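Q: for reference, the sequence and a predicted model appear below.
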Amino acid sequence: MSSATKFKRTSMIGLGIAIALLVTSIIVNLLPLPNDSIWKVLFGVSTLNFTLRATIPLALGAMAGILCERTGIINIGIEGMMLAGAFAGFVVKVLTNDWPLMASLLAGVAAALIAGALMGYIHALFSIKFKMDQIISGTFLILLALGLTSYLFNPDWVAEGKFSPIAIPVLSDIPVIGDVFFNNPPITYTALILVVLLHIGLFHTKWGLRSRAAGEHPRAADTLGVNVNFYRYLNTTLGGMVAGLAGGFLVLEAVGQFQEGMTAGRGFISLAAMIFGNWMPFGALGAATLFGYTQGVQNALLLAGVVDIPRHFISMLPYVVTIIAVAGLVGRVRPPAAEGKVYETEGSSE
Amino acid sequence: MNQSSFRRLLRSLLIPVLAVLTALAIGAIIMWLAGDDPIAAYKGLFQGAFGSKRGWATTIRKWSPLLLTGLSVAIAFQAGLFNIGAAGQFMMGTVFSVWAGINFEGMPIYLHLPFALGMGILGGLLWGAIPGILKVTTGAHEVITTIMLNYIAALFAGWTVYAGGSQGQKPGPLWDPAAKAISQTPPVVESARIPFIFGPPYRVHWGIVLAVLMIFLFAWLINKTTIGFELRTVGRNFKAARYAGIRVGWTVILAMMLAGALAGMAGAIETLGVNFKFAPEFGGSVGFEGITVALLGQTNPFGVGLAAFFLASLAAGGAKMQFDSGVSTDIIQVINALMLAFVAAPAIVRWLYRIRKAPEEEEGVPKISWGGG
């Protein structure tokens, strides 16, 4: 089928860009360039580290989006799910400050997952049982998370410590690649593994087949005995957990503290990455890397002070690229067919 | 009014009223769980909004921006579009109007004030046009583009008043050198300020009359004009609209421009009637509250007016609530979100209160299209 090949090719654009970026940077880092050269700023190891750190929450958010949308539930509430996860992780980390560091951090991760799952479940409940418009339900989750976390947040709370990098023996000694990929804190590794797992799960397991059937043709799936709404509940809740983990990453691995509204649009950029990646895990990871790079390069440019553009305009970069990506790709990507539509088994409506 | 239409009116009020009451009740439970005193909080809230002349004045002053951003979201809903971008359009309205307001000293007020207001409207209109044009030409969904444009507008506005950096970064074009290191504009000149109806300490200005006029203009436009008919048809069923010969693309762009113009007017009124200058922290949350207002008002202009007044009273009472009871004003945002949920999903309210759905009843909740359409 010709549309199937297009489907795959488009999803690889982001991944192709990400690989090109990596190759360029390996070459740049192996050449004897001065440290303040523009090439070093654009493609140096520190820029790539920034990029990976910015990519992880976006990749997790995009995986959350794929989980929900592949079964037919639109999720624009990822931003709120992330924020809830970040706050829950932060609160539990603060409460367990006197535990051993690892135990305390893992408790924080567990809290982030639970908070995310709860948000995901609420979204599923509102969308499926109460037939709320799924875009409005997502907006509600964002506003609820913004309001609740600001109301409950106490600026005096301090989380002590965050996840530190774990160098993977041998692999971390590879030049450039080792520094970027194999010397990272645990949630980063988890996120990258999750992308692979989600790909295998969606395209090579019974769960994946049924989930996709629920999102493409729920009536047919139902006829074949698939409980459509069960898969929708399950995957939206799982998606919430993954988004919660993204929030946990921000607090427990990247920043170390909670700030009001700290997700700063990452949930929406994740959605754009999901669309850009054509609802495919690797495609979305590639797109997330592209968006992550715009943030990484933004940090590098600001730190290096090499350009004479006001910082406000440099900070616009990720948002502008997101608009360009979304505008340039719709029509060439294809969302799940039954997305956003309430599914009722025949004769079940009250 | 005969009996059946009166009953229909009551029925249409039932869901929003129950949604508000339920949200307040759940808000109380959250406060109680967090160790706050909900009764003291609501008492403070009510007294702050309606307990004094000054409270009333604050409520009325906060009414106009909410009313206008609510109408902005509502007009987009009428055309089946979800404008989450009122915040950015508000911001652009602010920047454009403050530029007109701090310059052109010596212009007479009957020219300067309309010019500054018009610039604000234009700023919002142009910013609203972008997601409309993107949607029509490329199919990019307005939810993502308007959100991204919100962040871009906030950064752009921040740059215009940027005081410059210690390492020689240039200051923004609207920055007031007299403010030294503070990032803000000079004050708006006298001839571009909206006159007061009640002067200080009440500071109720004529902008509110302009905002209320917009309710009637909205109602007239939607119900009595061809444009309104086209907007509603596109919103209900754009395929049918296309068959009927309506230029769907143009109608979508127009709806977003009108939405932007209304939000931009809100920004202009706040700048020329209340703040008299601009600083980055003036953005506020009226853009997002506009969504709650529009849905609570069931996208009906008069409903939006009522809903905006209610949210304005919550915003006005917040300060006294926090002062009297120690409850953070952030709880109001939580209550707003809950109201949004209950009014957008009448099924929840019906399920909670065991209300049966009348067969012919049409929900006031708009349908928004996502991907393919």
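A: Received it, and whenever you're ready, just let me know what you need. Residues are numbered from 1 along each chain as shown, chains lettered A, B, ... in the order given.
Q: let me see the contact set for residue 61.
A: Going with chain A. Under the criterion of C-beta atoms under 8 Å, 6 or more residues apart in numbering or on different chains, the contact partners of A:Gly61 comprise A:78, A:82, A:242-243, A:246, A:266-267, A:269-271, A:273, A:288. Using the backbone N, CA and C atoms, a C-beta is placed for each residue, glycine as well.
Q: that's the wrong chain, I meant chain B
A: Counting by C-beta under 8 Å, 6+ apart, B:Arg61 touches B:203-205, B:208, B:274, B:316.
Q: for chain A, which segments count as strands?
A: Assigned by DSSP state E, the strands in chain A fall at A:166-167, A:183-184.
Q: quick one: closest of the ones you listed to chain B.
A: Between chain B and these, the tightest spacing by C-beta to the nearest C-beta is seen for strand A:183-184, at 27.6 Å.
Q: for stretch A:209-223, which outside residues touch it?
A: Residues lying outside stretch A:209-223 but in contact with it, judged by C-beta under 8 Å, 6+ apart, are A:69-72, A:202, A:224, A:226, A:228, A:231-232, A:235, A:336-339, A:341, A:343, A:345.
Q: circling back: single out the most deeply packed of the strands of chain A.
A: With neighbours defined as mean count of other C-beta atoms under 10 Å in any protein chain shown, these peak in mean count at strand A:183-184, which reaches a mean of 20.
Q: other SSEs contacting that strand?
A: strand A:166-167 (3 or more C-beta pairs under 8 Å, 6 or more residues apart in numbering or on different chains; DSSP states H and E).
Q: what strands flank the strand it packs on, and is each parallel or antiparallel?
A: Strand A:166-167 has the following strand partners under DSSP bridges: strand A:183-184 (antiparallel).
Q: and the strand it pairs with, how far from the chain's centre?
A: Centroid separation between strand A:183-184 and its chain, computed with C-alpha atoms, centre = their mean, to the nearest Å, is 19 Å.
Q: ok, stretch B:222-229 next?
A: Stretch B:222-229 has its average C-alpha position 22 Å from the chain's average C-alpha position, going by C-alpha atoms, centre = their mean.
Q: which residues does it contact?
A: Residues from elsewhere that reach stretch B:222-229, judged by C-beta under 8 Å, 6+ apart: B:75, B:78, B:220-221, B:231-232, B:251, B:254, B:301.
Q: now for those: which two are most distant?
A: The widest separation within these, taken as C-beta to C-beta, falls between B:Thr251 and B:Pro301 and amounts to 18.7 Å.
Q: just the contacts of stretch B:222-229: which are in helices?
A: If you go by DSSP state H, these have B:75, B:78, B:220-221, B:231-232, B:251, B:254, B:301 in helices.
Q: can you tell me which of the residues you listed are buried?
A: Buried residues within the ones in helices among the contacts of stretch B:222-229, defined by neighbour count using 16 or more other C-beta atoms under 10 Å in any protein chain shown: B:75, B:78, B:221, B:231-232, B:251, B:254, B:301.
Q: quick one on the thing from earlier: of the contacts of A:Gly61, which is the nearest to chain B?
A: Nearest to chain B among those, with distances taken as C-beta to the nearest C-beta, is A:Leu271, at 6.1 Å.
Q: excluding chain neighbours, give the residue nearest to that closest one in space.
A: If the residues on either side of it in the chain are set aside, A:Leu271 comes closest to A:Gly65, at 5.5 Å by C-beta to C-beta, 6 or more residues apart in numbering or on different chains.
Q: from chain B, how far off is that neighbour?
A: The span separating A:Gly65 from chain B equals 11 Å under the rule C-beta to the nearest C-beta, to the nearest Å.
Q: please name the residues that touch that residue.
A: Residues in contact with A:Gly65, defined by C-beta under 8 Å, 6+ apart, are A:75, A:78, A:239, A:270-271, A:274, A:284.
Q: ditto for B:Ile147
A: If you count contacts by C-beta under 8 Å, 6+ apart, B:Ile147 has them with A:265, A:268, B:84-85.
Q: which one of these has the most neighbours?
A: Looking at the contacts of B:Ile147 with neighbours defined as other C-beta atoms under 10 Å in any protein chain shown, the largest count falls to B:Gly85 at 33 neighbours.
Q: give me the element the closest residue to that one other than its chain neighbours is part of.
A: With C-beta to C-beta, 6+ apart as the criterion, B:Gly85 has its nearest non-adjacent residue at 2.8 Å, and that residue is B:Thr146. Taking DSSP states H and E as the definition, one finds B:Thr146 inside helix B:142-160.
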